[in-house]
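J.: missing the sequence, but the structure's below:
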């Protein structure tokens, strides 16, 4: 079945370490997104990419980096510069025309930094 | 993108219809109304979307008022598995930059 795979589901890191979260999709979608969700809060957009080798900052990009070398993959690196990295991270994708192409989400990675 | 207002929480009896309201009084003519839901510790799931006309699919119905300033998501026969946070979002952005607020927590009770 087509979908979005995020791995791992749970991730633990020490403060000061960079960590990379994986996101792979086999939906042949052009656009991919990374969101962050804190307890009891909505989703906030970190980065998005509409085509390969191109990406834009979302609302809270500071302390994060991404790459889009392949259509299927959009990894997110949480750097040591991110002040409060502990959160639930969600990856999503959609076809190029978002008017009739709803977002498909992965099941998230819960990152805990101590 | 227009902002939406939803009740913080709602209860519904199992087997009854769940009617979730959403206000979007500043919606623009080219903005769609999207509904998603999120079950605890999972990614949001798309439910339905519409522009002007009422829409129905296998999961739910979406009723949009004539002036498009509000809408209602209807789950016709709620089950315990429908307990989730429901997000109403309006957007016209080509980037798909949907703004997820805090949504409505729907509790379906036996």
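T.: Looks like it arrived, so ask away. Keep in mind that this is a model prediction, so the values were computed, not measured.

J.: where along chain B do the strands fall?
T.: For chain B, strands defined by DSSP state E occupy the ranges B:9-13, B:18-23, B:32-38, B:45-50, B:55-56, B:61-64, B:70-75, B:84-91, B:104-109.

J.: could those be laid out in a markdown table, adding distance to chain A?
T.: (C-beta placed from N, C-alpha, C; glycine too.) A markdown table is the format used below for the strands of chain B (distance: least, CB to the nearest CB, whole Å):
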| stretch | distance to chain A |
| --- | --- |
| strand B:9-13 | 12 |
| strand B:18-23 | 14 |
| strand B:32-38 | 6 |
| strand B:45-50 | 4 |
| strand B:55-56 | 12 |
| strand B:61-64 | 13 |
| strand B:70-75 | 14 |
| strand B:84-91 | 7 |
| strand B:104-109 | 10 |
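
J.: what's the pLDDT at the residue lying closest to residue B:49 once chain neighbours are set aside?
T.: Nearest residue to residue B:49, sequence neighbours excluded (CB to CB, 6 or more residues apart in numbering or on different chains): residue B:34, at 4.3 Å. In the prediction, the pLDDT value recorded for residue B:34 is 91.

J.: can you check the one 5 residues further on too?
T.: As predicted, residue B:39 sits at a pLDDT of 93.

J.: need the contact list for the residue sitting nearest the centre point of chain A.
T.: For chain A, the residue nearest the mean C-alpha position is residue A:34 (2.8 Å; CA atoms, centre = their mean). Residues in contact with residue A:34, defined by CB atoms under 8 Å, 6 or more residues apart in numbering or on different chains, are A:23, A:45-48, A:58, A:64, A:66, A:74, A:76, A:89-92.

J.: cool, residue B:110 as well?
T.: Residues counted as contacts of residue B:110 (CB under 8 Å, 6+ apart) are B:14, B:80.

J.: Quick check: the gap between it and chain A.
T.: Residue B:110 sits 25 Å away from chain A when distances are taken as CB to the nearest CB, to the nearest Å.

J.: before we move on, back to that, turn the contacts of residue A:34 into TSV, columns for distance to chain B, neighbour count and pLDDT.
T.: What follows is the contacts of residue A:34, written out as TSV (distance: CB to the nearest CB, whole Å; neighbours: other CB atoms under 10 Å in any protein chain shown; pLDDT from 0 to 100):
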residue	distance to chain B	neighbour count	pLDDT
A:23	11	24	97
A:45	6	22	91
A:46	11	26	95
A:47	11	22	95
A:48	6	25	93
A:58	7	19	92
A:64	16	21	97
A:66	15	23	98
A:74	13	28	98
A:76	14	24	97
A:89	10	22	97
A:90	5	27	96
A:91	8	27	96
A:92	7	28	94
